[in-house]
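Chemist: predicted structure and sequence below. I'll ask about it afterward.
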Amino acid sequence: MRYYVIRRLLQMIPVFLGIMFILFVLLELAPGGPQNMLMDPKMTPQQKAELAERYGVNKPFYEKFVNWIADAAVGNFGNSITHHKPVINVIRQFIGATFMLSSLALVIGVLIGIPCGVVSATKQYSRTDYALTIFSLVGVSIPAFFFGLLLLKVFAVDLKWFPLFGLRDPLLRKASEWKKFLDVAHHLVLPATVLGLSQAATFMRYTRSAMLEVIRQDYVRTAKAKGLRQKTVIYKHAFRNAMIPIITLLGFSIPGLISGALMTETVFSLPGLGKLSFEAVNQRNYPLILGINAILAIVTLLAALIADLLYAAADPRIKYD
Amino acid sequence: MKKLLAILLAALMLVSIVGFRPVQAEGDNILKVGGSGYDGIFNAILSSNIYDGYVCDLIFEPLIKLNEEGEFIPNLATWEVSEDHKTYTFTLKDGITFSDGSPMTAEDVEFTFRTMAAPEYNGPRGYAVSEMEGYNEFHEGETEEFSGIKVIDEKTISFTFVTAAVPNIANLNFGILSKEYYSYENWEEFEAKNDAPMGSGPMLLEEFMPKEHILLYTNESYWDAERIPKIDGILINEVSEDALLPALESGSIDIGQPQTKLENLQELEKMGTVTPITFLGNGYTFMCFECTTPPFNDKRVRQACLYALDRKEFIKAEYKSEDLASVGMAPISPVSWAFPEEGLNPYDFDLEKAGQLLDEAGWEMGNDGFRYKDGEKLAVKWLVYTESTWTQTLSSMAADTWKQVGIDLTIELMDFNTVAELTMDAPVEDKPNNFDIYTMGFSLDVDPDLKGALFDADAYSAGGFDASGYRNDKVQELIEKGRTTFDQEERKAIYAELATILNDEVATTIVAYRNELWAVNKRVVDMPINTYLKWTAYIHDCSIVNPED
């Protein structure tokens, strides 16, 4: 087991380098440069060229790549061009809100999606099943910005239960920590609901189909025939075997915790990494694009490993050595 | 199942408790501004977008400022111009202090402008000092001396430009930094202070949360005791476009700039709690033809394209109201004193005339409905960026009407940065292949000077702003004459002549002048935002009257 983990971790290095290489190629192919976004109508071509030079835009491709890897190896991701600040500091400022929002949404997604999926599968073709299936279909297909605007209209504009924008009320800064916590929670209810319900829908669909498959297996029938309680059959015998695809899905959701949700963040005016990376691409803020994606790549690779390890926990037949 | 339901219900109740909790906000006397786009570069010489510029305007103060007519008037200093119009000598007012209490001297002014010229400077304002004497030597690091800037005594400083030009004065309109606070050993140290700006202005930065909010408190020890703001501070909230109108309606924000659209204006009028303000923005949208190769190397084809484009209809379609935008004719804002009153052709929609012009130019209608000349089809490529809607509206209208006169238009959609790369930034030899037409927006300075901008053939280079390739010696002469003539009446005549030529040649056409739309809550008084003075200019005078009072 330990060797397996170490081997996997070592394998990540070339994979990571490959990911970054592809990213560099894509950035190299993208036209434009960061100097365009700093455009002031009075700048001369020489001054623009000088800025491009300072940002190292014109250096040969391999040189940029090797330099970046060498710097990143010692934890230096360079300076974000539009922020005049180290990339790491910029990311640190944005990762908190994104993490809070996405983890809350993931919890909502799992807590609602999985039980609903199980219920929907065990009562296949019942009214509950149809209702839940329709709910999940709607949840998967409704665009986040539309659902978000709808919630804003109803709960923030008309009912005034929730704030319209932001993550906290800046004028509460002298209030107690508990009050501040409640304030943030208050601001996150709508966005987390939007993001969470769409994830719940996905989780539900996966769980339902996985459960349906397992429920028809002989050992489930055996368990039932033994006279075990319905609950024990479903949750102990069937659900555990249906967990493999759910774990895969969970593994894929982990990078989502930090990649941000552009639409939700935009509609609710939240300071998140989704918006940050979208802007970085539009502004050709190369160091920031690379920094965000490097972190995302690492988290994705680690999440894949964690999912693989969880398989073994869920299914004793899977062994790593 | 029952258990699950109970848990869900409990969760729902918890949520609603949190939900119903009334939000109490301290500080009714804080001006709340909503918007987005703040990058957090709060340094008067580094900020590179208008939003950060607002914050800089509140924290830093420049030597001069604009009045409502768009003329420069003294702010921190009065000035005199030398006889040859090359040297500006500024005398600082008495008693100016930075917010840390230290007095502002000519050395602080010198430090600010020297930093913009320093070799390590990486902001966008190099142009402000690059026309001063001795810039190159200093910028290249050959000498420690910047001969164009001279400190005469503690309160007096002079700036000398290489050539005398009217717009030079605008280069001196940047906030002054404290030398003591901002002096640096290495550049990172200077940049690091963007988060903790310090100037002489009426506001102090209290808290900045990126993409969330910016909180500023009034500088109670502001150097001019009579002009200390009456408000306690300013809270700038990040509010998405979608939430802006509801936020204005609910009073969560006092000031906002919704998109210039009739439905937004109408909605604001309906609210009753806010005052909508619209005025002509100091900028325009333009359409540039590639003039070095066929078909647009022929003036008649360019004119035909304009006649075959119904810009009045475009304004109706895009802005839904003729009061919010108008057809562009000259590269000068209609609010400027230099805008010619007559003699400009609006190119009213006229397909017949367009057809005639194309016939004259030798493009004959073929059997397939497209025009041909020497076996070559009249096909043009228009680069359209997708970040804003107007370019898409305009080009799709053209696709329809140009086809009727036999022009085969291909619209290529891309992002803004790519359009810039293919047009303005492309090397001169690549430009003709990259595009036939492209469209963009451009902001204007207060002065009508055109040097270095869209209409200056000398700016036809990789990275220059003129991508048309059109060159006319008379135009070049007038541009030069316009900026070096100091009598306003004479200048007016020069710009009228210039505008007439450009309006006839249409290498680059102004598509439309657009209005800005702002909304100010009625609890805020004395905030008459206009073309030249943004909300930040009224911070000394405005006050907040809460309805309960």
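Modeler: Received, thanks. Numbering: from 1, shown residues only, chains lettered A, B, ... in the order given.
Chemist: contacts and neighbour counts: CA atoms only from here.
Modeler: Fine.
Chemist: how about residue 156, nearest residue that isn't a chain neighbour?
Modeler: Defaulting to chain A. Ranked by C-alpha to C-alpha, 6 or more residues apart in numbering or on different chains and with sequence neighbours excluded, the top spatial neighbour of residue A:156 is residue A:162, at 4.8 Å.
Chemist: look at chain B instead
Modeler: For residue B:156, the spatially nearest residue (C-alpha to C-alpha, 6+ apart) is residue B:91, at 4.5 Å.
Chemist: my guess is the one you found meets residue B:78, correct?
Modeler: Yes - under the criterion of C-alpha atoms under 8 Å, residue B:91 makes contact with residue B:78 at 5.4 Å.
Chemist: what about these two, which has more around it?
Modeler: More crowded of residue B:91 and residue B:78, by other C-alpha atoms under 10 Å in any protein chain shown: residue B:91, with 21 against 15.
Chemist: pairing partners for the helix or strand where the more buried one lies, with directions?
Modeler: Here residue B:91, judged by DSSP states H and E, is contained in strand B:87-92. When pairing is defined by DSSP bridges, strand B:87-92 lines up against strand B:77-81 (antiparallel), strand B:156-160 (antiparallel).
Chemist: show me what the helix or strand of chain A with the lowest mean pLDDT is in contact with.
Modeler: Within chain A, no helix or strand scores below helix A:45-54, which has a mean of 81 by mean pLDDT, DSSP states H and E. Where contact means C-alpha atoms under 8 Å, 6 or more residues apart in numbering or on different chains, the residues beyond helix A:45-54 that reach it are A:33-36, A:39, A:58, B:122, B:126-127, B:459, B:461-464.
Chemist: any idea which helix or strand comes after that helix?
Modeler: helix A:61-73.
Chemist: just after that next one, pick out the following helix or strand.
Modeler: strand A:79-80.
Chemist: anything in that next one near chain B?
Modeler: No - under the criterion of C-alpha under 8 Å from any C-alpha of the partner chain, chain B is not reached by strand A:79-80; the shortest gap measures 9.7 Å.
Chemist: what helices or strands is the helix or strand just after that strand leaning on?
Modeler: Per DSSP H and E, the first helix or strand lying C-terminal to strand A:79-80 is strand A:85-86. Using 3 or more C-alpha pairs under 8 Å, 6 or more residues apart in numbering or on different chains; DSSP states H and E, the elements in contact with strand A:85-86 are strand A:79-80.
Chemist: direction included, what does the strand it packs on pair against?
Modeler: As assigned by DSSP bridges, strand A:79-80 forms pairs with strand A:85-86 (antiparallel).
Chemist: got the contact list for the strand it pairs with?
Modeler: A:77, A:78, A:79, A:80, B:191, B:192.
Chemist: now do stretch B:246-263
Modeler: So stretch B:246-263 is contacted by A:157, A:164, B:31-35, B:237, B:241, B:244-245, B:264, B:268, B:271, B:273-274, B:318-321, B:324, B:515-521, B:523-524 (C-alpha under 8 Å, 6+ apart).
Chemist: hmm, 6 Å instead?
Modeler: B:32, B:33, B:34, B:319, B:320, B:321, B:516, B:517, B:518, B:519, B:520, B:521 (C-alpha atoms under 6 Å, 6 or more residues apart in numbering or on different chains).
Chemist: and which of those is nearest to chain A?
Modeler: Distance to chain A, by C-alpha to the nearest C-alpha, is smallest for residue B:34 among the contacts of stretch B:246-263, at 9.9 Å.
Chemist: I figured that closest one hits residue B:237, correct?
Modeler: Yes - with contact defined as C-alpha atoms under 6 Å, residue B:34 reaches residue B:237; the gap is 4.8 Å.
Chemist: let me see the contact set for residue B:346.
Modeler: residue B:329.
Chemist: now it: how far from residue A:251?
Modeler: As judged by C-alpha to C-alpha, to the nearest Å, residue B:346 and residue A:251 stand 61 Å apart.
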